[in-house]
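In: Generate a structure from the sequence data that follows.
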Amino acid sequence: MSRFTGRTALVTGASRGLGRVVAHALAAEGAAVGVFGRSRDRVEETVAAIEREGGRALALVGDLRVDDDVRDCVARLAEGFGGPDLLAHTAGVLRFGSLPELAEDDWDLLFDTNVKSCFRLARHVVPAMRARGGGAIVHVSSVFAQAANPGAAAYAASKAAMDALTKIMALDHIGEGIRINGVAPGSMRTPMLEATAAEQSPGDPEAMLRAVGALHPLGRLIEPEEVARLVLYLLSDDAASIVGETCVIDGGRLAQIGVAKRV
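Out: Residues are numbered from 1 along each chain as shown. Next up is the predicted model:
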């Protein structure tokens with residue numbers, strides 16, 4: 001029997017990038033998956049691909065910044081498959097700029113999407129998990145929460161806030177059988193990073209991606225499939241004693257910074 005047979009998972013940001021990879025991986029291991037995203041076409045493409053592989057999936061089109069959308073999608077998932085028993089919150093946005101130059105709308109977008117989405121999801125997912133006798137949640141954060149690059153103040157702050165929420169939520173709900181953890185990837189090859197490279201280095205975005213990868217002692221970017229394996233581990237019963245942690249998967253980036261500080 002696969003690790004998630006008989007369980008229902010909600011995956012945010014599942015229409016592309018890491019979320020799509022996580023949704024496929026959960027379905028391959030037996031979960032019925034709610035594919036949550038803003039683009040109907042991409043959400044339905046993900047669902048169709050999972051179904052072609054023999055999995056079960058449900059298209060949930062909505063915006064994490066709209067509480068009614070979150071509530072309705074959780075309710076539709078419960079009606080269609082039951083649950084959710086599992087939540088992989090992979091959705092997020094990135095904007096660059098030092099604070100004096102950053103538009104207030106961009107600051108609000110980052111915190112609304114990256115942080116307040118955790119609040120909205122908790123309001124609707126946690127009660128559903130209580131009714132099911134427990135569950136597991138993983139928030140996808142970033143190593144930027146601990147060691148950011150210049151020009152990423154708002155993004156780093158939003159991910160640091162997510163890490164704090166993960167710890168407090170874990171303590172609030174472990175007594176109800178709901179385990180909450182996070183993962184903090186280094187620079188990961190996703191459409192979001194590729195779009196950033198195309199914007200900042202239009203002449204040769206691949207060269208920029210290689211340069212970003214070279215900042216990691218591993219010598220390359222982190223692949224979404226690698227992060228997905230860690231997300232699934234934390235959602236599984238194999239991680240039953242891991243509570244309130246944000247697990248780093250960064251190819252040695254933070255370790256390298258720590259060594260530099262000690263020299």
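In: Phi and psi next, for Q200.
Out: For Q200, the backbone dihedrals (degrees, to the nearest 10) come out as phi -90, psi -20.
In: For it, give me its contacts.
Out: For Q200, the contact set (Cβ atoms under 8 Å, 6 or more residues apart in numbering) comprises M208. Just so you know, the C-beta spots here come from the backbone N, C-alpha and C atoms, and that holds for glycine as well.
In: ok, now how distant is it from E206?
Out: 13 Å (Cβ to Cβ, to the nearest Å).
In: Can you tell me the closest non-neighbouring residue to V35?
Out: Sequence neighbours aside, A14 is the residue nearest to V35 in space, at 4.3 Å (criterion: Cβ to Cβ, 6 or more residues apart in numbering).
In: residue contacts, that neighbour?
Out: By Cβ under 8 Å, 6+ apart, the contact set of A14 is 20, 22-23, 33, 35-37, 43, 46, 90.
In: Among the residues you listed, which are located in strands?
Out: 33, 35-37 (DSSP state E).
In: Pick the one among those closest to A9.
Out: V33 (5.1 Å; Cβ to Cβ).
In: The closest one: neighbour count?
Out: 32 (other Cβ atoms under 10 Å).
In: hey, what's it bridged with?
Out: Beta bridges link V33 to A9, A57 when assigned by DSSP bridges.
In: surely it meets A27?
Out: Yes. Between V33 and A27 there is a contact under Cβ atoms under 8 Å: 4.9 Å.
In: what is in contact with the two at once?
Out: 50, 55-57.
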